[in-house]
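Q: coords below, sequence missing:
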């Protein structure tokens, strides 16, 4: 039967919440209610199962109280300022991203890559237009770069590629560590940035509607240029009241839709019955980004923006399903092209063991082999 042990019920609650485990589906937790109420004590084997499910060391379950877990970076909330409190999901994806970033940094240093000069090259006191132009220059983009594409979707894909080509790791996912039952909360955060001079990393919450993700990416680029790591919710594409976030917001807006040209085009392309459609086509961004920029420049009121935002979000939500698509394509999106290529190349050359490659990618055995074949088929490797 196994020896039963005493565990603080608060610690058990913390472990369950942290892992977002569905108790009714976990055989190791079938007596969970009895444990919490003190009617029955878990066995050591049951606790080992819980620790595996919660992805925590077994010793954590024997603490006198739940460990205090805080984000290693500030989380800026629109209208609420800065906090370090975060959900288990956000904590876990930041930890995973940091592990991959550390590995990528070591890889690039060993391979002789130079540090990226643009990381931390700007200041919050700098003119947003100047910083935005420097971002375009470092990414190899013209001021009107997006107009070369047929749609904002194509422009967004191209921008992601240019960002990765510049040495920035890009990770896009809607779930925690390939766990389809553990969805990331877009109301908590839309993205985060981990600044590093060799391997800066940006993460985009794919549960946000795609039309807004390009603004998140631009906001994250501003963070890298200012040299400050952070997570943010960007509710309704609005920053928190923090000086850093306001600066990043202005740089991002200027990068995507320059104020000088929008003021000019507003008079000719804006239509009363559909004020943002033609402008969105002209700048190859989504209508929501144009509306956000028009709000910045006081071309529309906050009430008009809020009304349009809610209507637009409801409409596009019906069309989008971030959880669909090819499994291995989603893995490339989450791992990023440069990281995927670096890990696969390194393991194939024998410099690291397959076990380490499995842990870095979250893909094991035949799934990893199929991932390698997918990279080859798509011309990524």
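A: Looks like it arrived, so ask away. From a predicted model like this one, the values you see are computed outputs, not experimental measurements.
Q: buried sites along the lowest-mean-pLDDT helix or strand in the chain?
A: Within the chain, no helix or strand scores below helix 32-37, which has a mean of 77 by mean pLDDT, DSSP states H and E. By 16 or more other Cβ atoms under 10 Å, the buried positions in helix 32-37 come out as 32, 35. (C-beta placed from N, C-alpha, C; glycine too.)
Q: and stretch 140-157, by the same measure?
A: Neighbour-count burial for stretch 140-157 [16+ other Cβ under 10 Å]: 141, 145-146, 152, 155-156.
Q: what is the most widely separated pair among the residues you listed?
A: 141 and 152 (14.8 Å; Cβ to Cβ).
Q: please report how far residue 197 lies from residue 247.
A: To residue 247, residue 197 is 20 Å away according to Cβ to Cβ, to the nearest Å.
Q: oh, I was asking about residue 94
A: 22 Å.
Q: low-confidence stretches in the stretch 101-250 of the chain?
A: Applying pLDDT under 70 to the stretch 101-250 of the chain flags no residue at all.
Q: tell me where it has strands.
A: Chain-ordered strands for the stretch 101-250 of the chain, with DSSP state E, counting those that start in this stretch as the definition, fall at 169-173, 175-176, 179-183, 191-194, 201-205, 230-232.
Q: how far out from the middle of the chain is the fourth one?
A: Looking back up the chat, that one is strand 191-194. 6 Å (Cα atoms, centre = their mean, to the nearest Å).
Q: again with the last one
A: Per Cα atoms, centre = their mean, the displacement of strand 230-232 from the mean C-alpha position of its chain is 9 Å.
Q: in its sheet, what does that strand sit against?
A: strand 75-77 (parallel), strand 191-194 (antiparallel) (DSSP bridges).
Q: what residues sit buried inside the longest one?
A: The neighbour-count check on strand 191-194 (16+ other Cβ under 10 Å) flags 191-194 as buried.
Q: tell me the bridge partners for residue 201.
A: Going by DSSP bridges, residue 201 forms beta bridges with residue 169, residue 194.
Q: what does the one 4 residues further on give?
A: According to DSSP bridges, the residues that bridge with residue 205 are residue 173.
Q: roughly how far does it sit from residue 138?
A: 25 Å.
Q: who has more neighbours out of these two?
A: Taking other Cβ atoms under 10 Å, residue 205 and residue 138 do not tie; residue 205 has more neighbours (28 against 18).
Q: so who does the more buried one touch?
A: Listed by Cβ atoms under 8 Å, 6 or more residues apart in numbering, the contact set of residue 205 reads 173-174, 184, 186, 189-191, 216.
Q: neighbour-wise, which one of these leads?
A: Result: residue 189 is most packed of the contacts of residue 205 (other Cβ under 10 Å), 28 neighbours.
Q: now that residue. Nearest residue, chain neighbours left out?
A: residue 231 (4.9 Å; Cβ to Cβ, 6 or more residues apart in numbering).
Q: for that neighbour, grab the count of nearby residues.
A: Neighbours of residue 231 (other Cβ under 10 Å): 27.
Q: next: residue 381.
A: The tally of other residues near residue 381 (other Cβ under 10 Å) stands at 16.
Q: can you start the count at 32 instead of 1 from here on
A: Yes, from this point I'll number from 32; that puts the last item at residue 412.
Q: my read: it touches residue 374, true?
A: No: Residue 412 is not in contact with residue 374 according to Cβ atoms under 8 Å; the separation is 10.6 Å.
Q: reformat the contacts of residue 236 as CSV; add distance to residue 42.
A: Below are the contacts of residue 236 laid out as CSV (distance: Cβ to Cβ, whole Å):
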residue, distance to residue 42
204, 29
205, 29
215, 25
217, 29
220, 26
221, 31
222, 31
247, 35
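Q: what's the closest of those to residue 105?
A: Looking across these and measuring by Cβ to Cβ, the closest to residue 105 is residue 220, at 11.3 Å.
Q: and the strands of the stretch 132-281 of the chain as a markdown table, adding distance to residue 362?
A: Shown next, in a markdown table, are these (distance: least, Cβ to Cβ, whole Å):
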| stretch | distance to residue 362 |
| --- | --- |
| strand 200-204 | 9 |
| strand 206-207 | 11 |
| strand 210-214 | 12 |
| strand 222-225 | 19 |
| strand 232-236 | 15 |
| strand 261-263 | 23 |
